[in-house]
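[1] Need a 3D model of the following:
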Amino acid sequence: MSFYSLFPFLGSLFALFLGSLVFIKQKKSPVNRAFSRCSFLTFIWLFFYACLYSAKTETNALFCIKIGYTAVILMPVAFYHLTYSLLNLKSHKKILIFAYSISFLFVYFLHRSDYFITGLFRYFWGYYPKAGILHPFYLALVFIIALSCDFIVFKHWWKVRKEASLYKQRLLYIFLAFAIISFICIDFIPNYGFEIYPFGFVFVLLFVAIIAYAIVKYRLMDITLTITRTGIFVTLYTLVLGLPFILATLGKDWLVGLLGTNWWFGPLILMAVLATAGPFIYIFLQRRAEAILLREQRRYQDTLKQAAAGMTRIRDLQRLSSLIVHIVTRTVRISHSAIYLFEPKSEQYLLEAGRNLSKEQPPSINKDSSLIVSLEIEKQPLIYEEIKQKAQINPTPIFQQLEEQMRIMNASVLVPSLLENRLLGFLVLGDKRSGKIYTTEDLDVFSVLASQAALAIENAQFIQEAQAMQEQIAQAEKMATVGTMADGLSHQINNRLHALSMIAGDTLDTLKLANTENYTEEAKKILGEIKYALERIQSNVLQGRDVVSGLLKYSRKGAEGFAVVSMDEVLDGALEMAKFKVKLSEIDVVREYPPDLPKIKVNLTQLQEVFFNLIDNAYDAIRERKDTLKEQDFRGKVTITSEQPTDNFLRIIFEDNGIGVRNEDKRKVFTPFFTTKVSSRQGTGLGLFVIQRIINQIHQGEIKFESEYGKGTRFILDLPLVK
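    Sure thing, here's the model as predicted:
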């Protein structure tokens, strides 16, 4: 291999590497396949031209030319096909077919006649093809395709020029790549007898590199930095490759006099030295350029890192959420932001806080939605433009749903907030006001912020739950105090009621003995109303005594000990207590057990408390179902049944058609201070905990439950029979 063959040979390997890399990245993508086709053609062209420059005979040279130039002829239309795929230009399909037809016609003339290539030139670097009569027409095709590609890209960019989108960013990459590849025309000059070394392949390789970067990692850096990097790369490696070339061209005579027939060692050594130093120089210059261009970006990244470190000190969840969206929106200078947090009871992610939400923002997202599932699986930020591209390339329901949900949420980026693989929430980010894209460094910082936010959210939620538990404990203590005082209070209340009854009774007796014959009609009417009022007082006093009696019975925990009772005795007492708290007229209480049911040995008061709590819970569940599901003709029902007694136990089943219990709450039903009631004022979360203790520990029985959310709950009690 000659010295001049080395550059195209290395370029061919570079093109093959990039084409393979992009193809492996996503084999089914039309864009990736189109790019790999261009890279493979570039590889064939440069590889056989490297062989051409080292050919010793015209026969070998012509063979290399025909293979290499076949790739050269097909490359322009392959680049147009790449543009067609990059921009999803379905309307240009006929133009693409026509361009391929013309190209294959040129290939036919290349192999079957001398109209395309008429012979060979012998230049200082080796053999080179001589243009035939059809060659200018091929150049015209190249010119037309190049202009068409530039025009198409510019037209699409003009439509989205005011948007801050990755699509616009990608168009800039494509436009930059096509601007660079236009320098390939240098390689056609030697076809017409001008002895200029054909180094246009360098620009083709730059084109391939930029497009590969745009396809594989186009969201990682903005176009300004890419142009700067490209400029540094081109300048540096022009010196790396150019100085040895200049030395070999202009200093050949001097080198021959110095080194003799091994004169080519000089340029080779110089190239090795420059190639060794080149990467270090490139890295230094690149870092300096990035430090200048990314100064603003790194400023807000440092601010976000500092904010992330201080989040765990905030204990109020609402304040924490508002602070997160405020810092992100102001520091990164984005159009809007929002944060959604998981709410276990509704099984949804609710909008907790937002900033600059000019458009309508969905108040909640279901935990089973494709968006939530994707965040849980991917565990990394989702970028709208990438999801949109995937939906176009692979129009499956999952990507289409993701694209639609992110569009509805006005999200450019979604950042998950994870704690031990649990998705506590996610951050919605709008576009940057500067129009720049989110870089990899941005997304890394947001991921750190989200991780710290997850810890802070968990901490705030724990503190809120602890405060709620303290309030429940205080409420339970108040209730216990009321229970302790109930005996004395009921005695005092009964005394007052007895006094009222005596006063009303004595007054009625006095009125009955009074002679009213000489009374006027008006006086008799007033006297009748007074008698009616006193009778109502006596009736309400009797009802008040019943209320006090029920309260006293409820508060005395097993004072009378164990006794042999029937099922009806227990249930009647429970219903007597329940009627003062729930509206029994709104539900049907159905007894479906046989009248001759065996008696049980229990603490009557405690078991009545158990039945009372089960009826009370069923009533609340029925009301919640009525309010939540809005079912027509729905009526609540509580059914009490029994099963054939076995092993000295009687099985009693309480079944309701209320809202039921969610799956994630079932394991916590008997946990103290846990309640599923819609309002904290309706329950302390101690009812089922106390019931379990009464049944399991005091009565040596067993209680368990079955429930299906939206349909109802069954409590199963095993109680000891009389031996």
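[2] SS state for A563?
    Secondary structure for A563, judged by DSSP: H, G, I helix; E, B strand; the rest coil, is strand.
[3] ok, it - how many residues close by?
    Per other C-beta atoms under 10 Å, the neighbour tally for A563 reads 13. No exception for glycine: its C-beta is placed from N, CA and C like everyone else's.
[4] excluding its backbone neighbours, what's nearest it?
    Leaving aside its sequence neighbours, A563 sits nearest to L604 (C-beta to C-beta, 6 or more residues apart in numbering; 5.7 Å).
[5] now I694
    Nearest to I694 is Q606, by C-beta to C-beta, 6+ apart, at 5.1 Å.
[6] any idea how far whichever strand or helix holds the one you found is from the chain center?
    Taking DSSP states H and E as the criterion, Q606 maps to helix 604-629. Relative to the chain's own centre, helix 604-629 is displaced by 39 Å; criterion: C-alpha atoms, centre = their mean, to the nearest Å.
[7] now swap in stretch 105-121 and tell me
    Relative to the chain's own centre, stretch 105-121 is displaced by 58 Å; criterion: C-alpha atoms, centre = their mean.
[8] List the contacts of the closest residue to E631 other than its chain neighbours.
    Of all residues not flanking E631 in the chain, R625 sits nearest, at 7.5 Å (C-beta to C-beta, 6+ apart). Contact analysis of R625 by C-beta atoms under 8 Å, 6 or more residues apart in numbering lists E631, F634, G636, N657, G658, I659, G660, G710.
[9] pLDDT check: weakest of these?
    Least confident of the contacts of R625 in the model: E631, at 83.
[10] mean confidence score for stretch 661-669?
    Stretch 661-669 comes out with an average pLDDT of 79.
[11] buried ones in it?
    Residues V661, R662, D665, V669 are the ones in stretch 661-669 that count as buried (16 or more other C-beta atoms under 10 Å).
[12] ends of it, how far apart?
    Terminal residues of stretch 661-669 are spaced 9 Å apart (C-alpha to C-alpha, to the nearest Å).
[13] which SSE is the residue lying closest to L511 once chain neighbours are set aside in?
    In space, and not counting its chain neighbours, L511 is closest to K531: 5.8 Å by C-beta to C-beta, 6+ apart. Assigned by DSSP H and E, K531 belongs to helix 521-555.
[14] Let me see the mean pLDDT of that helix.
    Mean predicted confidence for helix 521-555 is 73.
[15] center of this protein - which residue?
    Nearest residue to the geometric centre of the chain (C-alpha atoms, centre = their mean): L375, 3.5 Å.
[16] Show me what the nearest residue to that one once chain neighbours are set aside is bridged to.
    Distances taken as C-beta to C-beta, 6+ apart place P416 nearest to L375, at 4.4 Å, with adjacent residues excluded. Here P416 shows beta-bridge partners F426, assigned using DSSP bridges.
[17] and what of P129?
    Under the criterion used (DSSP bridges), P129 bridges to L120.
[18] Then K704?
    Listed by DSSP bridges, the beta-bridge partners for K704 are I716.
[19] Looking at it now. What's its pLDDT?
    The model reports K704 with a pLDDT of 90.
[20] got it, and A468?
    For A468, the pLDDT comes out at 64.
[21] now swap in R298 and tell me
    57.
[22] just K155 next, same as before
    pLDDT at K155 comes out at 83.
[23] So which bits of whatever helix or strand it lives in are buried?
    Per DSSP H and E: K155 is located in helix 135-159. Buried residues in helix 135-159, counting neighbours by 16+ other C-beta under 10 Å, are found at 135, 138-139, 141-142, 145-146, 148-150, 152-153, 156-157.
[24] other SSEs contacting that helix?
    Contact analysis of helix 135-159 by 3 or more C-beta pairs under 8 Å, 6 or more residues apart in numbering; DSSP states H and E lists helix 58-86, helix 93-112, helix 166-181 as its packing neighbours.
[25] With mean neighbour count, mean pLDDT and distance to F280 as new columns, can these be given to me in JSON lines?
    As requested, the helices and strands packed on helix 135-159 are arranged in JSON lines below (neighbours: other C-beta atoms under 10 Å; pLDDT from 0 to 100; distance: least, C-beta to C-beta, whole Å):
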{"stretch": "helix 58-86", "mean neighbour count": "21", "mean pLDDT": "88", "distance to F280": "34"}
{"stretch": "helix 93-112", "mean neighbour count": "15", "mean pLDDT": "88", "distance to F280": "43"}
{"stretch": "helix 166-181", "mean neighbour count": "21", "mean pLDDT": "72", "distance to F280": "25"}
